[in-house]
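Engineer: sharing a model prediction with you, sequence too.
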Amino acid sequence: MSFLPTSPPLARALEERNYSDPTPVQNAVLEPAAAGRDLLVSSQTGSGKTVAYGLAIGSTLLGDAEAFGRAGQPLALIIAPTRELALQVQRELAWLYKHANARIIACVGGMDPRREAALLDEGAHVVVGTPGRLRDHIERHRLDVSALKAVVLDEADEMLDLGFRDDLEFILKTTPPERQSLLFSATLPKAIITLARSYQRDALRIEVAGTPGGHADIDYRAIRVYPKEAELAVVNLLRFHDSPCSLVFCNTRNAVRHLEAILLERGFQAVALSGELSQSERNSALQALRDGRARVCVATDVAARGIDLPGLTLVIHAELPNDPEVMQHRSGRTGRAGNKGTSVLLVPVSRRRKAEMLIAEAKIEVVWAGPPTQDEIRALDQERLLNDPILTGEPGEEDAAMVEALLAGRSVNEIAAALVRVYRSRLPSAEEVGDPNFGRDERRPARAREDYAPREGARFGENRDDSPRSDAPRHKSGPRGDTVWFRLNIGRKDGADPRQLLPMLCRRGKITRDEVGAIRIFDSETKVEIDADVAERFYELAKAVDRDKIVIEPVTGEDERRPAKPFAEKASHAPAPYARPERGADERPTRNFDKKPYEKKPYEKKPFEKKPYEGKAPREGAAPYEGKKKAYEGKGKPFGAAQPYDPVRSDRDAVSDPNVSFRPGAKKPYAGKPGGGKPFGDKPAFGGKPFAGRAAGAGKPAGKPFKSKKPRRDDRG
């Protein structure tokens, strides 16, 4: 081993992993001049930065000790931009510090914060997390950073691009000023340098020169495709390379869902990875790739940083990235740690200029070619079958009896044909795609499925117009002879998609796409044209209802919307057009040729004449109008001649008793309180003593203090 860290437990972990040749960035951080200092490191993706800063902070955390003591307040804080990168850093540091008995905890968004708080209460030596979640724990006093000895910012340029500057500054301000700071980034823009000057002390700047033309271990290829055949080209590329782990990048979440559905329908073991998924779903997808349960991952740029998948040898850019830096980060998921990889860019005709600009700015060498053809994929399938481990080795004792039974009842050719069929049945079917060649005078060959071509101008991953086209030209590889029509119980209202129906028909009926003709989608049903030579076998295999409850039955009857021959009868290449019955001479409508054409008369505007108002006509039986009525004379005295109020005086009845009403139905006058009361003005009271008044200046006589009848709250029982 050519390099050894100062800490023996770390050296022991590297020996177990067979780390004999360090990368340039790992050699740079282990130089004596970098020991214990703040570092500002720039290195391209996939260069081993995680192990590099794990070794750089080893001497700071452990010192001369062989292992850590009891976990308490964190000694190191690692900040990563994405959740997947943070969890990956935790796994890398776990094996690196395994012999040092380090307790490493991850705090990332999307996970249960209460569980993370419980783990922090138990103590940790190293905490790895995303900026937002770490700041939340610090503000809630769950994470104590007062004892930190080292802080590492991984992929700092990406964190600034994602808008984490405020969170980073908050975290760095709360850490002790004497801690060691390491800042790792693929590039060093001005914002990164400003951040380093503010929070680092006499930092040593280390720039590891990248390989000219990008990664030397990555083979870049640009594949010319038609815009409508991007998904088909992805299928052929996956079949051609047959990588144990592949990563397909799209620009939007909708495109990820669309492409994942296409690959799953064609039989690929695919998973999706995008920002709309929960953290548990994203972890499950990555774990399926690591375990081998899935071989293809369709993802957005959330997987372009820091993801390290074992066996990842193929990266496909289904949609071109927006800038060359993103393209290099995407491609950097393969060709890691000295392994070889392939990065493929799908370039439609309309995106050729953008692709050339990206390639020129990234300074990489690209090989231009067309998509893999069906013949090339079949030739590779034959080679892989001959080299398959299932054909090597001696049969076991349990298999010997079965081998003898097969040889006794079948010929060698029949057994070999059965083996080939079994091998091909496990592989997705290759698609027929064309190569535009980007030539102005070259014509595009006829597509295999013009009957369900997407609408003009539709982008990859967008909705398509699946309405059938009866006038579409038939492809040269389709059925040329007689055909039979079949009906499916799903239609346009059920979301029927010909791109998904075609592989389903081939899978259920054990036929090839060359034996499938037109696919016509209606509102509630779909009609499919099958070659007559394989129609009976297709129906026997496909009539069973699958998991999607799709029923396939032959077209029978004469009242169909589109005429087709009954099952088992020969049908023409396409349904005959509807013939309108002839009418008799007496049934034909006659036309009146003597009718004069319509003549538009000029508009004549009459002058406005105002007529005098004659009044409204009186109603039948009503009295004639006699003019205004006389003034209201009313009863009683005129307004303003009111007399002083006298409760015992009445104009009608001289009743002195105030309890007696003035007239029937009237209210009784107020008689005052019995026994006395204050007079109102100069009027006498209804009883009691006359009011003598209070002397001028006399105050209110003192009375008894106010005593509430309601007991106080303190007096209640």
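Structural biologist: Received, thanks.
Engineer: now the helices: where do they sit in the stretch 1-150 of the chain?
Structural biologist: 8-16, 24-29, 49-56, 58-62, 83-96, 113-122, 131-139 (DSSP state H, counting those that start in this stretch).
Engineer: need the residues that contact the first one.
Structural biologist: Outside helix 8-16, the residues within contact range by Cβ atoms under 8 Å, 6 or more residues apart in numbering are 1, 4-5, 54-55, 58, 62, 66-67, 95-100. To be clear about C-beta, it is placed using only N, CA and C from the backbone, and glycine gets the same treatment.
Engineer: low-confidence ranges, the stretch 451-600 of the chain, go.
Structural biologist: For the stretch 451-600 of the chain, the stretches with pLDDT under 70 are 451-481, 546-548, 557-600.
Engineer: for residue 346, the count of nearby residues, please.
Structural biologist: 26 (other Cβ atoms under 10 Å).
Engineer: and after the one helix or strand it maps to, which helix or strand comes next?
Structural biologist: Using DSSP states H and E, residue 346 maps to strand 341-348. Sequence order places helix 352-362 as the next helix or strand after strand 341-348, per DSSP H and E.
Engineer: next, the angle from that following helix to strand 341-348.
Structural biologist: 150 degrees (axes from the mean of the first three to the mean of the last three Cα atoms, to 10 degrees).
Engineer: now do the buried residues in helix 352-362.
Structural biologist: 355, 358-359, 362 (16 or more other Cβ atoms under 10 Å).
Engineer: deepest-packed of the helices of the stretch 1-150 of the chain, please.
Structural biologist: Mean neighbours per residue, mean count of other Cβ atoms under 10 Å, is largest over these for helix 49-56, with a mean of 25.
Engineer: strands along the stretch 251-400 of the chain, start to end?
Structural biologist: Here the stretch 251-400 of the chain has its strands, by DSSP state E, counting those that start in this stretch, at 270-273, 296-299, 312-317, 341-348, 366-369.
Engineer: so of those, which one's packed in deepest?
Structural biologist: Each of these was scored by mean neighbour count; the highest is strand 296-299, a mean of 26, by mean count of other Cβ under 10 Å.
Engineer: mind giving me the domain ranges of this protein?
Structural biologist: Here the domain parsing of the chain from automatic domain parsing is 8-207, 218-381, 463-554.
Engineer: among these, which is nearest residue 424?
Structural biologist: domain 218-381 (7.1 Å; Cβ to Cβ).
Engineer: and the closest one, what's its mean pLDDT?
Structural biologist: Taken as a whole, domain 218-381 carries a mean pLDDT of 89.
Engineer: now do it: distance from first to last residue.
Structural biologist: Start-to-end span of domain 218-381 (Cα to Cα, to the nearest Å) is 24 Å.
Engineer: then stretch 58-77?
Structural biologist: 13 Å.
Engineer: which parts of it are buried?
Structural biologist: Applying 16+ other Cβ under 10 Å to stretch 58-77 flags 58-62, 68, 71, 74-77 as buried.
Engineer: quick one: which two of these are the most distant?
Structural biologist: Greatest spacing in the buried residues of stretch 58-77, by Cβ to Cβ: 59 and 71 (19.6 Å).
Engineer: just the CA trace of whichever helix or strand residue 192 is part of, in PDB.
Structural biologist: Secondary structure from DSSP H and E places residue 192 in helix 190-199. Output in PDB follows, covering the C-alpha atoms of helix 190-199 (Å, rounded to 0.1, in the frame of the first residue of the first chain):
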ATOM      1  CA  LYS A 190     -16.600  33.500  -6.800                       C
ATOM      2  CA  ALA A 191     -19.400  32.800  -4.200                       C
ATOM      3  CA  ILE A 192     -17.500  29.700  -2.900                       C
ATOM      4  CA  ILE A 193     -14.300  31.700  -2.500                       C
ATOM      5  CA  THR A 194     -16.100  34.500  -0.700                       C
ATOM      6  CA  LEU A 195     -17.700  32.000   1.700                       C
ATOM      7  CA  ALA A 196     -14.300  30.400   2.300                       C
ATOM      8  CA  ARG A 197     -12.700  33.700   3.200                       C
ATOM      9  CA  SER A 198     -15.400  34.500   5.700                       C
ATOM     10  CA  TYR A 199     -15.400  31.300   7.600                       C
END
